[in-house]
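>>> how does the following fold in three dimensions:
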Amino acid sequence: MSLQQIIAPSVLNADFLELGKGLKAIENGGAGLVHLDIMDGHFVPNVSFGPGVSKCIGKGTSLPLDCHLMISNPEQYVEEFAKAGAAYISVHAETTNHLDRLLHQIRELGCKPAVALNPATPLESILHVLDIVDMVLIMSVNPGFGGQKLIPYTLEKIRRLRALCPEKDIQIDGGVNLETIRMAKDAGANIFVVGSAIFCTSNPEETCKQFVMKVSG
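Got it, this is the predicted structure:
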């Protein structure tokens, strides 16, 4: 099985006054998902937006919404994000005492469940739910802010995970740019969250195309 290589731009770094143009740019640039970083100021030291804004973003794009919940008590909110149009919902293993139940809840809501891990959280904490999820999200920076540098040891975590799950989607989030994306692909990732390296350029559409080319060969 050959896994699809997908660029998932994070709109957290987009110009929200021109968000419609930004969404169109990444669509034209070949992106496969729109990544939504949902932050609550509690689990991570930043606040972004919730299901209402997520729903508006969904109306502005034909791309599937990839909702990454960096929030405490995600059980209380997954239904709202499902109603907002999420295709994927990623929840952090660190945020819930009942991960198995939560992942099943996400699937019952009609979304694809994914589990996310912070850089220092071991893979062993999710071994028993790998068969439940459609995707594993490996944080390659400490979550909360864009523009950070990729933490090298997270690539080894991806290598180990790929050996365990040769046919599972593995997403990397954090510090992915035109230099580090090849290392991430070589480690075994096939879905790449890219934020500032696309949206903080003068031509996000052309930059997105460059990322697509980087992973398509």
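
>>> can you pull out the strands in the chain?
6-9, 34-39, 65-70, 86-92, 112-117, 135-139, 169-173, 191-194 (DSSP state E).

>>> which secondary structure elements does the longest one contact?
Based on contacts counted as 3 or more Cβ pairs under 8 Å, 6 or more residues apart in numbering; DSSP states H and E, the elements that strand 86-92 packs against are strand 65-70, helix 78-83, helix 99-108, strand 112-117, strand 135-139. All C-beta atoms are positioned from the backbone trio N, CA, C, and that covers glycine.

>>> go through the ones you listed and pick out the most buried.
Most buried of the helices and strands packed on strand 86-92, by mean neighbour count (mean count of other Cβ atoms under 10 Å): strand 65-70, with a mean of 26.

>>> and that one, what does it pack onto?
strand 34-39, helix 51-59, helix 78-83, strand 86-92.

>>> and the helices and strands packed on strand 86-92 as a markdown table, adding mean pLDDT?
Output for the helices and strands packed on strand 86-92, formatted as a markdown table (pLDDT from 0 to 100):
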| stretch | mean pLDDT |
| --- | --- |
| strand 65-70 | 98 |
| helix 78-83 | 98 |
| helix 99-108 | 98 |
| strand 112-117 | 98 |
| strand 135-139 | 98 |
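
>>> end-to-end on stretch 181-193?
10 Å (Cα to Cα, to the nearest Å).

>>> show residues contacting that stretch.
With contact meaning Cβ atoms under 8 Å, 6 or more residues apart in numbering, stretch 181-193 is reached by 3-10, 32-33, 35, 68, 135, 138, 140, 150, 155-156, 158-159, 161-163, 169-174, 176, 194, 211, 214-215.

>>> now stretch 102-116
68, 70, 74-75, 78-79, 81-82, 86-93, 96, 99, 126, 129, 132-139, 169, 171, 173.

>>> at 6 Å instead, please
75, 78, 82, 86, 88-93, 96, 126, 129, 132-137 (Cβ atoms under 6 Å, 6 or more residues apart in numbering).

>>> before we move on, what about stretch 54-73?
Applying Cβ under 6 Å, 6+ apart, the contact partners of stretch 54-73 are 8, 20, 23, 33-40, 42-44, 81, 84-91, 95, 143.

>>> mind listing what's buried along it?
54-55, 57-58, 60-61, 63-72 (16 or more other Cβ atoms under 10 Å).

>>> a markdown table please, covering the helices and strands packed on strand 65-70 and showing distance to Ala116.
Below are the helices and strands packed on strand 65-70 laid out as a markdown table (distance: least, Cβ to Cβ, whole Å):
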| stretch | distance to Ala116 |
| --- | --- |
| strand 34-39 | 11 |
| helix 51-59 | 17 |
| helix 78-83 | 13 |
| strand 86-92 | 5 |
